[in-house]
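K.L.:
Predicted model and sequence follow; I will ask about them next.
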Amino acid sequence: MRPVPRKRANPRRSACVAAKSALSTYAIVIVIAIIFGIIIYWRIATKAGYAGALSLLMFVPLVNLVIIILFAFTEWPIERELREVRGGARMAMPTR
């Protein structure tokens, strides 16, 4: 019985397989980071009183800067509501 000759490993194929696995791992990490970013921005927007879908605009270049400026320099809906509630509560109290 003759021994079966073994195929030699092709170095180009090995490098190609390694590159594909590295790229697929990188792509998975990027997708997870994007999903995590959407969740974070969604929670920030809803806690501020804005629609959560506003967080999707954070991934549009230049629009994300406008959204950050909006968050920083405008009165949030939740602040407006709190001011109205506090103001209304003061007016409802009897004076002495």
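P.N.:
Cool, the structure landed.
K.L.:
any idea which helix or strand carries the most centrally placed residue in the chain?
P.N.:
Among the residues of the chain, the smallest C-alpha distance to the mean C-alpha position (CA atoms, centre = their mean) belongs to residue 37, namely 1.5 Å. The secondary structure element spanning residue 37 is helix 11-48 (assigned by DSSP states H and E).
K.L.:
What helices and strands are in contact with that helix?
P.N.:
Contacting helix 11-48 under the criterion 3 or more CB pairs under 8 Å, 6 or more residues apart in numbering; DSSP states H and E are the following elements: helix 77-92. Quick note: C-beta positions are derived from backbone N, CA and C, even for glycine.
K.L.:
Would you mind checking the average pLDDT for the helix it packs on?
P.N.:
Averaging pLDDT along helix 77-92 yields 77.
K.L.:
can you check stretch 28-40 too?
P.N.:
In this model, stretch 28-40 has an average pLDDT of 94.
K.L.:
Fine by me, we can end here.
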